[in-house]
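> Build me a structure from this.
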Amino acid sequence: MLILLRFLPLTSLILGISFLILGLQLAYSDVTWLARIAGQAGSLNPKILEKARLMPAILMVTALEGACFSFLSLPYRRRIQQYFELLERNFEWKQKWAVLLFSGYGLIGLMGINFGTVALAQRVASLGFSDEELVAADFGEHHAVIEALKEQTPETARILIKTRDPIKYLLNYHLFPRHFFTYPNQETSLAAVPLKWLQKHAITWTLEIRNDDPRQFVLLYSQSFGDK
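Model prediction:
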């Protein structure tokens with residue numbers, strides 16, 4: 001049961017490599033599913049999404065710590081092995097499970113500390129930049145869309161967007177109290193969206209963004225959807 005702790009340097013190295021691979025995968029993928037799981041009732045909270053976007057960095061920092069611990073503890077591997085072998089012989093099964101449980105808590109606590117470190121580093125890195133510059137860095141090629149929405153739409157706007165990029169929740173977060181919606185079938189053109197669905201969500205604007213070039217978009221005022 002304590003075999004993982006008996007070979008602690010090797011276990012730390014394996015965990016570090018696993019966290020590194022997972023962090024790299026998340027860094028190049030959409031993490032909205034992770035934020036949706038963490039949200040209440042499976043809903044996606046923009047603030048939780050902002051924290052979920054830190055997860056790749058947290059995993060990679062933890063991976064680095066695991067690798068460093070593995071190499072530093074390597075010269076003491078025999079002592080570590082003998083120590084946990086002694087615990088395994090003297091402990092009852094409840095005590096063994098308690099050791100594993102507290103080890104898991106320790107790993108979770110370490111990741112919590114790393115979350116605070118990464119968040120603090122992000123805040124320090126953003127010092128000296130205006131809100132506009134931070135939004136531009138956050139949205140990249142979508143920055144032009146953000147500026148157009150700020151300038152042309154009122155804060156009460158309810159906007160239907162069509163794009164393959166998962167930016168709806170970020171738009172809801174950065175441009176609140178505006179509300180952004182996407183039609184469930186993403187292949188449906190804006191012109192083919194049922195009128196009942198538009199009226200149900202009181203859509204007043206439509207926004208279509210080109211998938212191959214987010215700088216190209218069409219923003220239209222469509223108040224008639226809510227009036228019919």
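> Model confidence for the nearest residue to Leu207 once chain neighbours are set aside, exactly?
Excluding the flanking residues, the one nearest Leu207 by CB to CB, 6 or more residues apart in numbering is Ile161, at 4.4 Å. Quick note: C-beta positions are derived from backbone N, CA and C, even for glycine. Ile161 is assigned a pLDDT of 88 by the prediction.
> Could you check how far Trp205 is from Ile14?
51 Å (CB to CB, to the nearest Å).
> between those two, which one's more packed in?
For Trp205 versus Ile14, the count of surrounding residues by other CB atoms under 10 Å is larger for Trp205: 21 against 14.
> and the residue nearest to Leu207, which of the three is it?
strand (DSSP: H, G, I helix; E, B strand; the rest coil).
> unless I'm mixing things up, it is touching Leu171, no?
Yes - between Ile161 and Leu171 there is a contact at 7.4 Å, judged by CB atoms under 8 Å.
> what touches both of these two?
Phe180 (CB atoms under 8 Å, 6 or more residues apart in numbering).
> before we move on, the earlier item: neighbours around the residue nearest to Leu207, how many?
Ile161: 22 neighbours (other CB under 10 Å).
> how close does it get to Ile80?
Distance from Ile161 to Ile80, by CB to CB: 55 Å.
> circling back: got a list of what the residue nearest to Leu207 touches?
Counted by CB under 8 Å, 6+ apart, Ile161 has contacts Ile167, Lys168, Leu171, Phe180, Phe181, Thr182, Thr206, Leu207, Glu208, Ile209.
> Before I go, just wanted to say thanks for your time.
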